[in-house]
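*Asks:* With the input below, show me the fold.
(chains A and B)
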Amino acid sequence: AQSVTQLDSHVSVSEGTPVLLRCNYSSSYSPSLFWYVQHPNKGLQLLLKYTSAATLVKGINGFEAEFKKSETSFHLTKPSAHMSDAAEYFCVVSGRYNQGGKLIFGQGTELSVKP
Amino acid sequence: EAGVAQSPRYKIIEKRQSVAFWCNPISGHATLYWYQQILGQGPKLLIQFQNNGVVDDSQLPKDRFSAERLKGVDSTLKIQPAKLEDSAVYLCASYRTSGSRYNEQFFGPGTRLTVL
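*Replies:* Now for the predicted structure:
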């Protein structure tokens, strides 16, 4: 069975400072991992995905994540936060690629960005 | 390409009433999902269709929830009768099963249901 744990329910940063959102996963086989962002009253948007290629994955809007198998982690980072980054972020796991399998979401991390 | 369409966007009903949600996936996407997102939680899969067949409905409360996908395109999700704990955002997502290695799902804007 697969699962994800987002280690922080809420993260607050100042504009221009780095962002770190932490995620640990559990999977019985090689996982596909994703980060989605959800702005208030907006749909879920894919930020980036890992599917057993490069362990450092670059996504949209300057975000990136590093897959660390030894630590079963997939933390999301951004060098410099922008006010528009304030949103809910979900770490997601899916076990089998190319099978349209269900996505298993973490509980979410709310990111606040202070001016 | 057009995204996943859902309607209505908002719905308020009283408990024990019935409600239905509609989803139109991205053209050509054979797989369709319905998720339930309760406030403060991540989305949880309710049901997965492949064309017009059900692949996974293990998390669907079948005593009150039903879903169908006629002709393998549009889908409807129904709740009858609704309970207070059904208040949530209902998300529809679709996925193209051919020509893509990655399990990337495209989500609609959701329907926010409030049960009073």
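*Asks:* can you map out the strands along chain A?
*Replies:* Taking DSSP state E as the criterion, chain A contains strands spanning A:3-6, A:10-14, A:19-21, A:23-26, A:32-38, A:44-50, A:56-58, A:64-68, A:73-78, A:87-94, A:104-105, A:109-114.
*Asks:* what is the mean pLDDT for stretch B:34-49?
*Replies:* For stretch B:34-49, mean pLDDT is 94.
*Asks:* element containing the most centrally placed residue in chain B?
*Replies:* Among the residues of chain B, the one closest to the centroid is residue B:34, at 2.7 Å (CA atoms, centre = their mean). Here residue B:34 sits within strand B:31-37, counting by DSSP states H and E.
*Asks:* Who does that strand pair with, and is each partner parallel or antiparallel?
*Replies:* Sheet pairing of strand B:31-37 (DSSP bridges) gives strand B:44-50 (antiparallel), strand B:88-95 (antiparallel).
*Asks:* in it, what counts as buried?
*Replies:* For strand B:31-37, a neighbour-count test (16 or more other CB atoms under 10 Å in any protein chain shown) marks B:31, B:32, B:33, B:34, B:35, B:36, B:37 as buried. Glycine gets a C-beta too; all of them are placed from N, C-alpha and C.
*Asks:* hmm, back to that, for chain B, which of the strands of chain A is the nearest?
*Replies:* With respect to chain B, and counting by CB to the nearest CB, the nearest of the strands of chain A is strand A:104-105 at 3.0 Å.
*Asks:* Now for the closest residue to the residue nearest to the centre of chain B other than its chain neighbours: which residues touch it?
*Replies:* Leaving aside its sequence neighbours, residue B:34 sits nearest to residue B:46 (CB to CB, 6 or more residues apart in numbering or on different chains; 4.5 Å). Taking CB atoms under 8 Å, 6 or more residues apart in numbering or on different chains, we find residue B:46 in contact with B:33, B:34, B:35, B:36, B:57, B:59, B:60, B:65, B:67, B:77, B:90.
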